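Asks: Predicted model and sequence follow; I will ask about them next.
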2 protein chains.
Amino acid sequence: MNFCSHCGEQVKHKIPPGDNRPRYICTSCNLIHYQNPRIIAGCIAEYENKILLCKRAIEPRHGLWTLPAGFMENQETTQEAAKRETLEEATASIDNSQLFCTISIPHISQVYVMYRGDLIDGFAKPGIESLETDLFSEKDVPWNDLAFPVIRESLQLYFSDKNNGQFQVYNGEMRHDEKHNIITQIY
Amino acid sequence: MNFCSHCGEQVKHKIPPGDNRPRYICTSCNLIHYQNPRIIAGCIAEYENKILLCKRAIEPRHGLWTLPAGFMENQETTQEAAKRETLEEATASIDNSQLFCTISIPHISQVYVMYRGDLIDGFAKPGIESLETDLFSEKDVPWNDLAFPVIRESLQLYFSDKNNGQFQVYNGEMRHDEKHNIITQIY
């Protein structure tokens, strides 16, 4: 950030009076431009013991498989965002959606909010951001071709609960250590 | 938003190619400035069957009671945000924190992520944003002097679960209807 989005003058990165961390502050109108984490909302949609995955048509991770998920928009709920992303990426509709997990990824300032639900009629076809959609049983999930570690983690928690016959709501985090290994913690 | 925070030129509010909703787009460098909901993280801290509330020293709702909560910062987890806010607003530390509820408030593009936990040593004193801190049993909560409807909803769910002897994780939303009544839905 270089300029104030309100008045167009330059910003400086410094700690405002009474605050404890640096912010972008306008040198002219003094507006403070706060920056906050973004929510990625998505869905694990199930039909006849199989779950819906999408092969990504966009970067990053073009050609790898993912759950339908994307940035939550203003003026919507997390549940609406999860359903909208599932519709946009997989032309799929969800019933009985329930919160399944929220996972913070602090090094990229993202919070994943994943729902689980029933894929209506088992129907899906690729939206503009997907090359392909398909339904997978646990053993057939392309575990080595998943787009993001948080997708793998969500699916592992899901199948573990499914095999136990009872779903919980999970909360946790995924971090990088100094060697860029991923450290996952579910509370 | 009037100006591009990257190059300082004017932005226009229009739908980018391949998108389906208007964004602020720079007329010079073409950068798209996405805007997304913010997370408010907070905590219901309990000690000897009483919960911690703070009397607000800031607007909005100066002088009314609230749970310690505030905007999540970049590079932190929702749990860290909840603990930090509890420390900042009530000088209080939390143990055994668990996710309790996430509630979307779409008309203000906020998502509340509330934890529950044990207030260590029962200790609290006002931080700079609080006039007063105190511990309340369910019947002594200042129900008519709470700062925000989402705080009332979180506390009602909490005491209901506490009285039932088992805590769940809740997900829901609070909306305004045309007459500005609040419509709460817990899924």
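Replies: It's in.
Asks: alpha carbons only for contacts and neighbour counts from here, please
Replies: Noted.
Asks: For whichever strand in chain A runs longest, which strands pair with it and how are they oriented?
Replies: When chain A is parsed with DSSP state E, its longest strand is strand A:94-105. Within its sheet, strand A:94-105 is paired with strand A:110-119 (antiparallel), strand A:170-176 (parallel), according to DSSP bridges.
Asks: what's the most buried one of those?
Replies: Greatest average neighbour count among these goes to strand A:110-119 (a mean of 23), per mean count of other Cα atoms under 10 Å in any protein chain shown.
Asks: Closest to the centroid, which residue in chain A?
Replies: Centroid check for chain A by Cα atoms, centre = their mean gives A:Ile40 as the closest residue, at 3.1 Å.
Asks: coming back round to it: tell me which residues are up against the longest strand of chain A.
Replies: Strand A:94-105 is contacted from outside by A:45, A:79, A:83, A:86, A:110-120, A:150, A:154, A:167-175, B:75-78, B:171, B:187, using Cα atoms under 8 Å, 6 or more residues apart in numbering or on different chains.
Asks: and chain A, which residues reach chain B?
Replies: A:1-9, A:35-39, A:71-78, A:98-99, A:104-109, A:111, A:169, A:171, A:173, A:187 (Cα under 8 Å from any Cα of the partner chain).
Asks: in chain A, which spans are strands?
Replies: With strands called from DSSP E, chain A shows them at A:11-14, A:23-26, A:32-33, A:38-47, A:50-56, A:65-66, A:69-71, A:94-105, A:110-119, A:130-136, A:170-176, A:182-186.
Asks: TSV please, covering those strands and showing distance to B:Leu31 and mean pLDDT.
Replies: As requested, these are exported to TSV (distance: least, Cα to Cα, whole Å; pLDDT from 0 to 100):
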stretch	distance to B:Leu31	mean pLDDT
strand A:11-14	18	97
strand A:23-26	18	97
strand A:32-33	17	97
strand A:38-47	18	98
strand A:50-56	23	98
strand A:65-66	27	98
strand A:69-71	17	98
strand A:94-105	25	98
strand A:110-119	21	98
strand A:130-136	24	98
strand A:170-176	29	96
strand A:182-186	31	96
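Asks: Select the longest helix from chain A.
Replies: Identified as the longest helix of chain A according to DSSP state H is helix A:149-164.
Asks: for it, what is the average pLDDT?
Replies: Helix A:149-164 shows a mean pLDDT of 98.
Asks: Figure out how far that helix is from the centre of its chain.
Replies: 15 Å (Cα atoms, centre = their mean, to the nearest Å).
Asks: what do you get for stretch A:13-29?
Replies: So, by Cα atoms, centre = their mean, the centroid of stretch A:13-29 is 30 Å from its chain's centroid.
Asks: Please list the residues outside that stretch that contact it.
Replies: For stretch A:13-29, contacts defined as Cα under 8 Å, 6+ apart pick out A:1, A:3-4, A:7, A:9-12, A:31-34.
Asks: pull the CA atoms of that stretch into CSV?
Replies: Backbone C-alpha positions of stretch A:13-29 (Å, rounded to 0.1, in the frame of the first residue of the first chain) are rendered in CSV as follows:
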residue,chain,number,x,y,z
HIS,A,13,3.6,2.6,7.7
LYS,A,14,3.8,3.5,11.4
ILE,A,15,2.2,2.8,14.8
PRO,A,16,-0.9,5.1,15.4
PRO,A,17,-1.2,6.7,18.8
GLY,A,18,-2.8,4.3,21.3
ASP,A,19,-2.1,1.3,19.0
ASN,A,20,0.6,-1.4,19.3
ARG,A,21,1.3,-2.3,15.7
PRO,A,22,2.1,-0.5,12.5
ARG,A,23,-0.7,0.5,10.2
TYR,A,24,-0.9,2.4,6.9
ILE,A,25,-1.8,6.0,7.8
CYS,A,26,-2.5,8.8,5.3
THR,A,27,-0.1,11.7,5.6
SER,A,28,-2.8,14.1,4.5
CYS,A,29,-6.2,13.0,5.9
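Asks: Any buried residues in it, and which?
Replies: A:13, A:23-26 (16 or more other Cα atoms under 10 Å in any protein chain shown).
Asks: now for the longest helix of chain A, which elements pack on it?
Replies: With contacts defined as 3 or more Cα pairs under 8 Å, 6 or more residues apart in numbering or on different chains; DSSP states H and E, helix A:149-164 has no helix or strand neighbours.
Asks: quick one: contacts of it?
Replies: By Cα under 8 Å, 6+ apart, helix A:149-164 touches A:44, A:66-67, A:101, A:103, A:114, A:138, A:143, A:146, A:167-168, A:174.
Asks: just the buried members of those residues?
Replies: A:44, A:66-67, A:101, A:103, A:114, A:138, A:146, A:167, A:174.
Asks: so which of those comes closest to chain B?
Replies: Nearest to chain B among the buried ones among the contacts of helix A:149-164 is A:Ile103, at 8.3 Å by Cα to the nearest Cα.
Asks: what are the bridge partners for that closest one, then?
Replies: Beta-bridge pairing for A:Ile103 (DSSP bridges): A:Tyr112, A:Gly172.
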